[in-house]
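quick one, structure for this:
(chains A and B, ligands or ions: 2)
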Amino acid sequence: MSYIEVKHNYKRYQMGETEILANNDVSFEIEKGELAVILGASGAGKSTVLNILGGMDTNSEGDVIIDGQNIANYNAKQLTEYRRKDIGFVFQFYNLVPNLTAKENVELASEIVEGAQDSAQALKDVGLANRIDNFPAQLSGGEQQRVAIARAVAKNPKILLCDEPTGALDYETGKQVLQIVQDMCRKKGATVIIVTHNAAIAPIGNRVIHLRDARIQRVEINAHPEEIANIEW
Amino acid sequence: MSKKILWRDILQSIRKSKGRFLSIFGLMLLGSFALVGLKVAGPDMQITEANYAKRLNAADLTVVSNYGLDKSDREILNDTKGLKKVEYGYLKDVVVKNTKTSFRLFSAPKSISTYEVKKGRLPQHNDEIALDYQYASDYKVGQTIRFSEKADATGNKVLRRTNFKIVGFVYSGEILSDVNLGQTTAGTGELKGYAVVLPAVFDSDVYMTARMTFTNLANVNPYTDTYQDRLQAHKDKLNQELKSQPTQRLAAIKATAQKLVTKNQRKLDDAQQKLDDAKTKLSAARKQLDAGAAEIKTKQQELDTKVAAANKKLADGAAQLKQAQSQLTTAQQQLTQAKVQLDAGQKTLTSKQQELAAAKQKLQTAKTQLDQAQQQLTSAKQQIATGQATLTSKQRELNQSKQQLIAANQQYTAGIAQLQQGLAAITQQLQTPNLPEAQQAALKQKQAELQAQLQQTQVKYADFKNTTYNPGLQKIAAGQKELTANQQTLQQKQHELQQGQATYNTKLATYQQGQQQYQKGATELAQGEQTLAQKTQLYQENLAKYQAGQKSFQQKQAELAQGKAELATQKANGEQQLATARTTLAQKESEYQQQEQKYQDQAPTARREIAAGQATLTNAKRKIKQLTAPVYSLNSRREMPGGEGYKIYTTVSEIVAALANVFPIFFYFVAALVTFTTMGRFVDEERINSGTLRALGYDNRDVIRKFTFYSFMSSMLGTLAGVILGHTLLPLIIHNAYHSGFTIPEIELHFHLGITLVAFALALLSAVLPAYIAAKSELNASAAELLLPKPPAAGSKILLERITPIWRRMSFTHKVTARNIFRYKKRMLMTIFGVAGAVALLFTGYSVRNSVAGMSETQFGDIIHYNMIVAQNDHLTADQKTDYQNLLHGQAIAQQAPVHYEELTKVAGANHDNQEIKLIVPQTTKHFNDYIDVRARKSHDKITFSNDGVIISERLSTLLNVKVGDTITIKDADNQSRKIKISGITEMYMGHFILMNQSAYQKFFSTKYQTNGNLIILKNGSRNNTETQAAKFMKLSATAGVVQNTTLTNQIATIVKSLSKIMMVLIIVAALLAIVILYNLTNINVSERIRELSTVKVLGFFDNEVTMYIYRETILLTLIGILAGFGIGDVLYRYILAVVPPDDVMFNPALAGLSFLRPVVMIGLITAILGLVVNRKLRNIDMLEALKSVD
Ligand SMILES: Nc1ncnc2c1ncn2[C@@H]1O[C@H](COP(=O)(O)OP(=O)(O)O)[C@@H](O)[C@H]1O
Ligand SMILES: [Mg+2]
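Ligands and ions are numbered 1, 2, ... in the order given. As a prediction, this is how the structure comes out:
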């Protein structure tokens, strides 16, 4: 049994008369410690899958079993608790609290769980040791994303979910960020899922899930993922 | 270019943000409602009253004098400058018969201070009356009402009749209150109603009141300073004009009264004189009659005595005559007898003379015989004596011989006996046995001797006897015999001598007797001769006497007869005279009786009349003496008796006006601030929209128009609603609060353009202008910039962070909160201000309510313990005093203290009103705290009386702005200025008081202390019983007035009620304001930070944590706002305490815990509820949506 099992996952949106299917019978598995990449065009339903996996959204149908627990049956509170304990998020637009320093942004997440990393250490890990007391406005996009990653990993989540982490970043910075994410997976053994429309990023994953028009197109297993440094776009 | 899209966008944005639109609408509504409402209610009240007064042509000034207004007064008043019209009227306080309900009967006015007829009509005949409309439910038109009028101090009554037919019900333009109509001298001391009758009903030389209107006041709002100033000017002028009136009036009144008194006194004196004269005459007549009767009696007695005496004399005379006659007869007989005797005596004498001569002869013979016999006797005597001597010697010889013989004999016998004795002894001895022989022999010898001797002797003796003794004895016996014979002879001779001697003695005695007899006879004879001579002479005298007596007898007999005749005449005469005198006397007596009867019949009445007259006169005289100068009082509508209603009404309107100056400013300020922020946020939120519009080709003005239109719509609609509600709802609420105590018509709702414009202007200022400014500044950026999201406010270090020790100790969440608070400074200030404003209003509202709510309880529960003050009239009679004392010490009264009570005045306060001050000077300050708790407000420490200072009530001190140690000048009851020094300030909420002890009173008033009233604590202090007892006192002629606590309580109750209601409205408005502000600010906060909140949510914050993440700031700011609110509220409250209370009322400045707690609870509740709303909102927020884009 895989660490993450998504079985026949449907997500429907009712837009007036029409029904939009954002996920259509999506099923896949991800093993613990893997770095999975969900790849698909814009509007394919990647974010939808990720949000459901992260407990930020609920599916319309199907099971989402994480470490043996079907979170599809969770209520709002259980989902919150699940997010709080097990999930780390990295968004395309960082979503840092502008009024808090880098360290405080990390603490925002780590304060609410037990056994979290030291926030300063977390920032150090992402190479921001000397920007700890900076406010987001004082940081560059990549730095901000790194703070976001630090915030996501500081609480030692079971799963790290990244939605287009490089979307707003330039090439170099994007690579740096990906490197950090990969390091998290490799060094800390976290299960990482990266959502991207950028096919160039796909090779770094142990597993690549192709989404298209709300369906799983195929799932590739990559026994030897590419080093970040070797990819280009 | 078509603006269709623009309008659609505008409507779209309104529809999209109903909450915001409503917020601005609400804020503006509340602000303008409070502003317009408060600003309008006071004027509406005043206009309503002013119109009412105008309609009834209420007097501007009312002049009252306690002696009424006479011609001289009227001349002055008529000549008043600027006078529009003056009208004189009567009034009199009475009670409904057999009740204690007091009414003031007014004479119907012609044109000034007329009445509003509510039902029926005004009186047209003398027997008609129109009653206070208040009584329309108790009486009916057509019914008869009966009053009783109490005579005034001089016993005068003013009403010609007291029964009236009710023809209508009216409201007065002067007495506006139906709970507090002022003081009266009838009933319980509190006026309960009024009524109108025709002037002809009053029988009085003077008018009681003058009502004046002035030209320059005719069209002036009476609530303006102009009116006040002009009226004051008239008042001052008139006061000046009337200045000399009191003295002149007093003099005139005194003179008239004195004249009348003098006249009446003369009349009385005359009557008394007459009566006295009649009495004197009668008693003189009586005396005369009595004297006459006495004289007659005396004369009768005299006559009787005289007659009796005369009769007696006559009788005596007769008796004497008779006696004299018998005496004469006896004398005659005696004389005759004496003559015989005399003759017989002569004869006897002659015989006796002869007898004596014979006797003399006889005696001489007897003498010779006697002498012979005497010689014989003497010789015999000598013979006998010789014979006796011989005999005696012979006898002696015999006796001698005999004795010798006897002695010898005895010698012998003795010797023999002795010898015989010796013998017997020896014999005896011999017989003794064992006797020696010798002795026996001796003895026998002796015996023998003795025997021999004895025989010898015995022989001798026998011899002797035979020879000597016996012969001697015979011889002696013979001599004795012879001697005895001789003796016998001698004794015979002796005897014979004795016989002879006796015979001699007898013969001598006889002779001597004869001699004596002779001598006696001789003497007798001489005597007899003398007696006879005497008797003869006597006889002669008696004879002469007899003859004289005979003569006088005859004379007296004649006299007697004459006396008898005379007596008879005199007696007849006297009787005649007396009879005449008696007749005259009887006649006079009957005349006298007649007069006396008449006198007796008429005198008591006359006397009574005179006494009564005298009493009245004495009373009148005393009254005249006690007359003080009249006091003229010039009263504005507010000051006139019964004007309490006007005063309270004005007070209520002024309270509203005072509040209008504070509250709305606050409201608007807060509302404007919040609107400002809201609009700013709105412009921000619409940034991209605006950019799009601009990009689409709309110019700046169009975009600005969008925002100004939005804000204009919301604020104008809100203001419009507020203005409408303010013009209607608030005045009506206030009317509802006070109207029950007043007879003024329903409040008139007037449109007030000024304040309406102000409200709209403020709305523009606080809503449209900020929108315009915000939009304008925003639009300075290019369209492209606008299309980019506004960079989020940069984080920065806050001050607190630099205080490392504190910052380090703060929990993470608190740090976040702290940072956020300072990040949104504007919103922080808004929240604090908004909450502070609302709390300040709530706090003030509750504090004012609290401070007035407990006022009555504190005043009459804690401070004032007496139920009433009874004031006595000056100069009471003993009877009046007794009645008063009886009531005072009656069953109903638990405790009473004699005091000096006086009503002082002092001009003070914003309206320069005459403040009435109760002066109470207790006789003793010892238990004074039983009646008034004289204490400091804050500490409740008792304040002690000082000998050189007075204690004034706190409100008076604040009104005059004085403190302990200051000196103030007040006017006493006679309008005299008195300077007093303040030694203490006592807690007091209603009415002004000045308290002092006797020493202080005498010092400051230079008047001797005298009690003239009593503080009374009833056993049963209920309102009903207090009124009953007050009525009892009022009935006494000794009572000048009764002051009950209820008067003040009523007055205060209206104010408190009104104020409470207004405060309640303000509290509600403040609470609504708080809700709108907090809701709005929270909303802005949430919408502005939705991304942040979504992030937090995604990070796994529970709903509560998310809510608290943002709401902690609100709570903290709210707390700060509450604290600030208390600070501002305290200032506000102080301002209200200074401005709002009527001049004679002090609001308790003490703050109650509840005043703090209630706003906290309310704001807390609002915050909590809003918290729940936010929580709900955040729970349902789509975190993904927010995080998806960059907007
Ligand atoms: N809240 C929503 N309401 C309606 N449709 C939605 C919503 N979220 C996503 N979709 C639709 O679902 C589809 C998948 O969206 P998404 O998962 O965001 O795509 P991707 O992340 O792959 O670009 C899209 O067609 C999008 O329009
Ligand atoms: Mg996506």
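
for chain A, what spans make up the helices?
A:46-53, A:76-86, A:102-110, A:119-125, A:141-154, A:171-188 (DSSP state H).

quick check, central residue of chain A?
When CA atoms, centre = their mean is applied to chain A, the residue found nearest the centroid is A:L161 (1.4 Å).

now B:E1027: closest residue in space, sequence neighbours ignored.
B:T188 (4.4 Å; CB to CB, 6 or more residues apart in numbering or on different chains). No exception for glycine: its C-beta is placed from N, CA and C like everyone else's.

how about that neighbour, what does it touch?
B:T188 is in contact with B:K100, B:S102, B:E1027, B:T1028, B:A1030, B:A1031, B:M1034, B:V1042, B:Q1044, counting by CB atoms under 8 Å, 6 or more residues apart in numbering or on different chains.

for ligand 1, what's the nearest residue on the stretch 301-450 of chain B?
B:Q301 (160.8 Å; CB to the nearest ligand atom).

who are the packing partners of the helix or strand containing that residue?
If you go by DSSP states H and E, B:Q301 is part of helix B:245-430. In terms of contact count using 3 or more CB pairs under 8 Å, 6 or more residues apart in numbering or on different chains; DSSP states H and E, helix B:245-430 is assigned the packing partners strand B:61-69, helix B:71-78, helix B:437-464, helix B:470-626.

could I get the ones you listed as TSV with distance to chain A and mean neighbour count?
Formatted as TSV, the helices and strands packed on helix B:245-430 follow (distance: least, CB to the nearest CB, whole Å; neighbours: other CB atoms under 10 Å in any protein chain shown):
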stretch	distance to chain A	mean neighbour count
strand B:61-69	71	21
helix B:71-78	81	15
helix B:437-464	191	13
helix B:470-626	89	13
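
distance of B:R211 relative to ligand 1?
B:R211 sits 84 Å away from ligand 1, going by CB to the nearest ligand atom, to the nearest Å.

sorry, wrong one. I was asking about B:I952.
Distance from B:I952 to ligand 1, by CB to the nearest ligand atom: 78 Å.

so what's that residue up against?
Counting by CB under 8 Å, 6+ apart, B:I952 has contacts B:V962, B:I968, B:I982, B:G984, B:I985, B:T986, B:H992, B:F993, B:I994, B:L995.

where in chain B is pLDDT low?
B:1-3, B:153-154, B:781-796, B:1047, B:1189-1191 (pLDDT under 70).

state the three-state secondary structure for the residue in it positioned nearest to chain A.
Proximity to chain A, evaluated over chain B using CB to the nearest CB, is greatest for B:G1100 at 2.7 Å. Recorded secondary structure, B:G1100: coil (DSSP: H, G, I helix; E, B strand; the rest coil).

nearest residue to it in space, ignoring adjacent ones along the chain?
Spatial nearest neighbour of B:G1100, chain neighbours left out: A:R84 (2.7 Å); criterion: CB to CB, 6+ apart.

pretty sure that neighbour sits against A:V113.
Yes: here A:R84 reaches A:V113: they are 6.1 Å apart, a contact under CB atoms under 8 Å.

these two: which is more packed in?
Using other CB atoms under 10 Å in any protein chain shown as the criterion, A:R84 and A:V113 rank with A:R84 on top: 20 against 16.

mind listing what the more buried one touches?
A:I112, A:V113, B:L1099, B:G1100, B:F1101, B:F1102.

nothing else from me, thank you.
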